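S.K.: with the sequence up front, the predicted model follows.
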Amino acid sequence: MTWANSCAIIPFLLFIFSLFVAYKVCWVIDFSKGDQCDWLPRTRHGIIVFSVFCLIFFLIFQVIRFFVVRSDIRILEGRMDDLQRSMHNFQELTDELVSAEHAYNQSLVYAPDSCGEHNPLATQLVQLLADALEDEFMQVDLILEIVRETLDTAMVLLARGKTNLHSFGYMLIYYPIYPAVIMLLGMACLLCIAGFAWNRPKVLINPYFRGALNMLSPCILIFVLFCGICASLCFYISMLITGYCLNIDDNLQVASSRIKFHEEVAEKVNVEPILQHTAAYYLQGVNVNPMGTLLQNFEAALYTVKRLYEMFEWLVHLGDVSCPGLVRLSPVPLLKLLLETTADGYDFISAKNIWPYYSAIAHKTVCHHFPRNGMGLVFICILIGFIFCPLIAITISNHLKHARWVLSQSIAGECWKRVS
């Protein structure tokens, strides 16, 4: 038996219990003589106090749940914002490097023209050196493009996750208020019926009024079953999340290996293997960090360009008087900037930097708070559907039946006096 199937046993029993509660409440309302649950209040003041007590108790619990869940969602959104902000900064830095590298490549194209038409030998020399540097920078450009595409894809997926979280958080915060509103309206309707009967006692023997009271049990039945279904679903989802979180790192790694990133995001470069291996590295610590490998290759390509230029640097200094374009060929400022950025990149992609974001989002918030909030919804549904709503309905039903019996006895006594 799989975990999902085993988790369905208790929710199924909970739903069966809701059927029993609905049947029992309907039987008491429709077929009892008003003598069931005689421990409930029977006086007018007792009914009002009991109803208000149930309402206040439930509202206090609902307010606590509202602020706790909203705080959890805001904490999760804040942590995702921190991760997104950090990735955005690294993405902007990568874009700046790409722009600087493209600007340097553009200078290589126009460098030979600076030697003039009357200096063909220098022009040819500059052209050869520019072509050699441009060929070496093609590897740098390719790696930068892969890094940028990887970051762009990750940013799109993270933004999509934030959007889904916002929708899910809205549902988790506000949807449980609807049963509370239904309960409040139902209780107000029951109290209005009771108040109407209190002011006009003879209406209790009116067939139309009694027919309206007969509609009470189907409404209670629907509401109790609705609360039972909600409680069962919340319990089942909470158990699934709990089971998933028992080994969340491995489960997320397996899930990431099944995702087709090219179907989720329009990629210019196929970075799917990089993202999948990156997820495996951060989640389980297996193999090496693909992003680290990219940075190492990027760093190696930079040193290759540096060594190539150093081989011909004496020639550049020798001919820069007659050909100013040779000075433009110097990649030293760009290489220095790129190498400094590489060091910052190592700091960003290190597990020491990424793991706290992941641990705070997945382990602390999702695995700890979400099951707790789900079980809070289960308790709310049970409190409304199995306790407060049935008890209030039975209390008012017993009171009206007793009042109708007293009124019937009074009318019968008056008729007997007239006859006698």
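M.R.: That came through fine.

S.K.: you'd agree Arg79 is up against Ser359?
M.R.: No: counting by C-beta atoms under 8 Å, Ser359 is not a contact partner of Arg79; they are 9.7 Å apart. Heads up, the C-betas are built off the backbone N, CA and C, glycines and all.

S.K.: neighbours around Ala279, how many?
M.R.: Close neighbours of Ala279, defined as other C-beta atoms under 10 Å, add up to 19.

S.K.: so what's it closest to, chain neighbours aside?
M.R.: In space, and not counting its chain neighbours, Ala279 is closest to Ser256: 3.9 Å by C-beta to C-beta, 6 or more residues apart in numbering.

S.K.: what's the helix or strand for the one you found?
M.R.: helix 248-258 (DSSP states H and E).

S.K.: which residues touch that helix?
M.R.: Tyr244, Leu275, Gln276, Ala279, Ala280, Leu283, Gln284, Ala362, His363, Val366, Cys367 (C-beta atoms under 8 Å, 6 or more residues apart in numbering).

S.K.: next one: stretch 96-106
M.R.: With C-beta under 8 Å, 6+ apart as the criterion, stretch 96-106 contacts Glu134, Phe137, Val140, Asp141, Leu144, Glu145, Arg148, Pro331, Leu334, Leu337, Leu338, Thr341.

S.K.: tell me the buried residues in that stretch?
M.R.: For stretch 96-106, a neighbour-count test (16 or more other C-beta atoms under 10 Å) marks Leu97, Val98, Ala100, Glu101, Tyr104, Asn105 as buried.

S.K.: ditto for stretch 147-165
M.R.: Val147, Arg148, Glu149, Thr150, Leu151, Asp152, Thr153, Ala154, Met155, Leu158, Lys162, Leu165.

S.K.: Provide a PyMOL selection command restricted to the buried entries of the contacts of helix 248-258.
M.R.: For anyone working in PyMOL, the buried entries among those, judged by 16+ other C-beta under 10 Å, can be selected with:
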select buried, resi 244+275+276+279+280+283+362+366+367
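
S.K.: which one of the contacts of helix 248-258 is nearest to Leu172?
M.R.: Val366 (12.1 Å; C-beta to C-beta).

S.K.: so, low pLDDT: which residues of the stretch 51-200 of the chain?
M.R.: 107-123, 125-126, 130, 133 (pLDDT under 70).

S.K.: so the residue sitting nearest the centre point of the chain versus Phe370, what's the distance?
M.R.: The C-alpha lying nearest the average C-alpha coordinate of the chain belongs to Leu165 (C-alpha atoms, centre = their mean; 2.7 Å). Going from Leu165 to Phe370 by C-beta to C-beta, to the nearest Å gives 11 Å.

S.K.: now do Met171
M.R.: Met171 is 12 Å from Phe370, by C-beta to C-beta.

S.K.: compare neighbour counts for these two and give me the winner.
M.R.: Between Met171 and Phe370, Phe370 has the larger neighbour count (other C-beta under 10 Å), namely 21 against 10.

S.K.: touching, the more buried one and Ile241? I think so.
M.R.: Yes: using C-beta under 8 Å, Phe370 is in contact with Ile241, at 5.5 Å.

S.K.: overlap in contacts, those two.
M.R.: Common neighbours of Phe370 and Ile241 (C-beta under 8 Å, 6+ apart) do not exist.

S.K.: count of neighbours near Gly186?
M.R.: 18.

S.K.: wait, I meant Ser257
M.R.: By other C-beta under 10 Å, the residues close to Ser257 number 11.

S.K.: same deal with Leu76?
M.R.: Neighbour tally, Leu76, other C-beta under 10 Å: 22.

S.K.: great, nothing more from me.
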